[in-house]
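# take a look and give me a structure for this.
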Amino acid sequence: MNKILVIRYGTIGDTIFASAFYRELRNALPNAQIDILADTITASIMQNNPNINNMIPIQGKFKNFFKYIKLFKNYDTVFFLKNDNFFSKISFLARVKNRIGFDVKRNFALTTKIPYNNDKHEIDFYLDLLKSVNIPVNDINTEIFFNKNLLSQMKEYLPNTNKKRVLIQAFSRFSQKNWITDYWVETINYLKNTLSYEVILAGGNGDKENYNLILEKLETKDNIINLCGKLSIPESMCLINYVDLFIGIDSGLIHAAAALNKPSILLNGPTSLIRWTPRNNKCIVLSEHFECSPCCFASSKHKYCKGTESKCMRAIKPQNVIEKINTIITKWQCQA
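Numbering: from 1, shown residues only. Below you'll find the model as predicted:
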């Protein structure tokens, strides 16, 4: 394997999980060319990863059919970390020697297939692809890299105080993953009023209305830094370097916090604990199991709760979170 193309685009969490794959592949093949077929999200997160040579932007698939065949002919190996029938067929038509991926329906074009189901962590599936072609795996940890300019720029968003900081990502585009607004209010009041933490709010433009509901109910607005809608994904991730604690629902930034070895609390509801929780001993996962859990798989027998609220998220109480905050303070010395 000298010229390798990796297919992995899509969600923030899965993109971060793949960083373990890139590192182990690079360690085994230090002189290989390792390129990624990437969308905008993947490229923004992985742009400073030293284990990757080039990121090739994904453009319209079918209108660039012959362009992709020509591109794939430059490689002797393609790893499919994402199931994609279009690109697996392209790799077949381009006669790529090694076509390695998951054994899923209609994926006939691969030369090496491994099982893919709901029984293990997503990182393990990625690393199993390496093992299937006798590439050794020694480390399962994820990682993120930032350039010095971005690290310096992010300091400007934070006041020059000696207070401890917590970064909160309270909302997901999947409303069933969200925690209860009043629960966030109680927890944030405790963080800033009792513990004297600076509370930083992170999220996209679509989260502004939900954050405003929280802000309206807080006892005071002091010690709040509202950066909702003001940061890009890499900027939000970079900001984690400058906080002492991260608290969030199942979304991209919790995986960034784990990759940066930051003490964190995950409020987990409909998501599988086996497949997608962060792998880091500084991440405490709060989750209440119901017979319908998890319900996030396309193949799940259970459906999301109706409306905008999940009963598994309501079952996690503010006092549960406050207890874990104090556990982290005691264990990792995050007190103000």
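# per-residue pLDDT of the residue lying closest to Ser287 once chain neighbours are set aside, please?
Leaving aside its chain neighbours, Ser287 sits nearest to Asn268 (4.1 Å; criterion: Cβ to Cβ, 6 or more residues apart in numbering). From N, CA and C alone the C-beta is placed, and that goes for glycine too. In this prediction, Asn268 carries a pLDDT score of 91.
# before we move on, what about the one 3 residues further on?
Per-residue confidence (pLDDT) for Thr271: 77.
# can you report how many residues lie near it?
A count of neighbours around Thr271, defined by other Cβ atoms under 10 Å, yields 25.
# nearest residue to it other than its sequence neighbours?
Asp250 (4.4 Å).
# beta partners of the closest residue to Ile225 other than its chain neighbours?
Nearest residue to Ile225, sequence neighbours excluded (Cβ to Cβ, 6+ apart): Ile200, at 4.6 Å. Under DSSP bridges, the beta-bridge partners of Ile200 are Leu167, Ile225.
# returning to that earlier point: I figured the residue nearest to Thr271 hits Ser172, correct?
Yes. Assessed by Cβ atoms under 8 Å, Asp250 is found in contact with Ser172 at 6.8 Å.
# who has more neighbours out of these two?
Under the criterion of other Cβ under 10 Å, the comparison of Asp250 against Ser172 puts Asp250 first, with 26 against 19.
# show me what contacts that one?
For Asp250, the contacting residues are 13, 172, 177, 266-269, 271, 276, by Cβ atoms under 8 Å, 6 or more residues apart in numbering.
# distance of it relative to Phe108?
Going from Asp250 to Phe108 by Cβ to Cβ, to the nearest Å gives 33 Å.
# and if you look at Asn193?
60 Å.
# which of these two has more neighbours?
Neighbours per residue (other Cβ under 10 Å) separate Asn193 from Phe108, with Asn193 holding more: 14 against 10.
# just the pLDDT for the more buried one.
95.
# counting neighbours, what do you get for the closest residue to it other than its chain neighbours?
Nearest residue to Asn193, sequence neighbours excluded (Cβ to Cβ, 6+ apart): Glu219, at 6.4 Å. Neighbourhood size, Glu219 [other Cβ under 10 Å]: 10.
# and what of the one 4 residues further on?
Counted with other Cβ under 10 Å, residues neighbouring Asn223 total 21.
# got a list of what it touches?
163, 192-193, 196-199.
# change it to 10 Å
Contacts for Asn223 (Cβ atoms under 10 Å, 6 or more residues apart in numbering) come out as 159, 161, 163, 165-166, 188, 191-193, 195-200.
# give me the helices and strands touching the longest helix anywhere in the chain, please.
When the chain is parsed with DSSP state H, its longest helix is helix 12-28. Applying 3 or more Cβ pairs under 10 Å, 6 or more residues apart in numbering; DSSP states H and E, one finds that helix 12-28 contacts strand 3-7, strand 33-38, helix 40-46, strand 77-80, helix 122-131, helix 233-239, helix 252-259, helix 273-276.
# how does it look with 7 Å?
Using 3 or more Cβ pairs under 7 Å, 6 or more residues apart in numbering; DSSP states H and E, the elements in contact with helix 12-28 are strand 33-38, helix 40-46, helix 122-131, helix 252-259.
# most tightly surrounded among the ones you listed?
Most buried of the helices and strands packed on helix 12-28 by mean neighbour count (mean count of other Cβ atoms under 10 Å) is helix 252-259; its value is a mean of 27.
# what's the angle from the following helix or strand past that one to helix 252-259?
For helix 252-259, the succeeding helix or strand toward the C-terminus, using DSSP states H and E, is strand 264-268. Counting by axes from the mean of the first three to the mean of the last three Cα atoms, to 10 degrees, strand 264-268 lies at 140 degrees to helix 252-259.
# check the offset of strand 264-268 from the chain's centre.
Taking Cα atoms, centre = their mean, to the nearest Å, the mean C-alpha location of strand 264-268 is offset from the chain mean by 13 Å.
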